[in-house]
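*Asks:* Compute the structure for the input listed below.
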Amino acid sequence: MRRQITPARYYIRKLLQHNLDRLIFPILDNAGTRADTTTHVREILVSLYVKESKVDSIMFELERLALLHQSLNQASVKDQQDLQKTEAQIFGLLGCEVKASLIETLTIGFRFTHR
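*Replies:* Numbering: from 1, shown residues only. From the prediction side, this is the model:
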């Protein structure tokens, strides 16, 4: 079963775009093509996870994490640890690495609304 994460996909792309300068995106193929913010989420997942069932479960988890991140972001959380942890989980599932010197400032100033 192929799950589409249409609302979450948009939110995740915005999150990736906002953190573009802080992320190292995964390589998609043997030719060294690197993913970016325009790469489809499913394409990234297929390059990272072999089994279709694993891709589907990761897409489901990304949808859940995107909704959690959105609610934490809208709640104006004073403690940014939960927001940063959720971002790290999203980036990790997508194979993105956070540049080491910028981990502490990952979410500073990040606010947008999704409708």
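*Asks:* List the buried residues for stretch 54-71?
*Replies:* Val55, Asp56, Ile58, Met59, Leu62, Glu63, Leu65, Ala66, Leu67, Leu68, His69, Gln70 (16 or more other CB atoms under 10 Å). Just so you know, the C-beta spots here come from the backbone N, C-alpha and C atoms, and that holds for glycine as well.
*Asks:* Point out where the protein drops to low pLDDT.
*Replies:* 1-6, 76-79, 101-115 (pLDDT under 70).
*Asks:* For it, identify the residue most remote from the centre.
*Replies:* Most distant from the centre of the chain: Ala31, at 23.4 Å, with distances by CA atoms, centre = their mean.
*Asks:* Surely that residue is within a helix?
*Replies:* No. Counting by DSSP: H, G, I helix; E, B strand; the rest coil, Ala31 falls outside a helix, being coil.
*Asks:* Next up, the contacts around it.
*Replies:* If you count contacts by CB atoms under 8 Å, 6 or more residues apart in numbering, Ala31 has none.
*Asks:* and it, backbone torsions?
*Replies:* phi -80, psi -10 (degrees, to the nearest 10).
*Asks:* name the helices or strands packed onto the longest helix seen in the chain?
*Replies:* As assigned by DSSP state H, the longest helix anywhere in the chain is helix 52-74. Contacts defined by 3 or more CB pairs under 8 Å, 6 or more residues apart in numbering; DSSP states H and E place helix 52-74 against helix 6-18, helix 41-48, helix 81-93.
*Asks:* my read: Leu15 touches Glu87, true?
*Replies:* Yes. If you go by CB atoms under 8 Å, Leu15 and Glu87 touch, sitting 6.8 Å apart.
*Asks:* want to throw the buried residues of stretch 54-71 into CSV with distance to Leu45?
*Replies:* Putting these into CSV (distance: CB to CB, whole Å) gives the following:
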residue, distance to Leu45
Val55, 5
Asp56, 9
Ile58, 5
Met59, 6
Leu62, 8
Glu63, 12
Leu65, 13
Ala66, 14
Leu67, 18
Leu68, 19
His69, 18
Gln70, 20
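*Asks:* Many thanks, have a good one.
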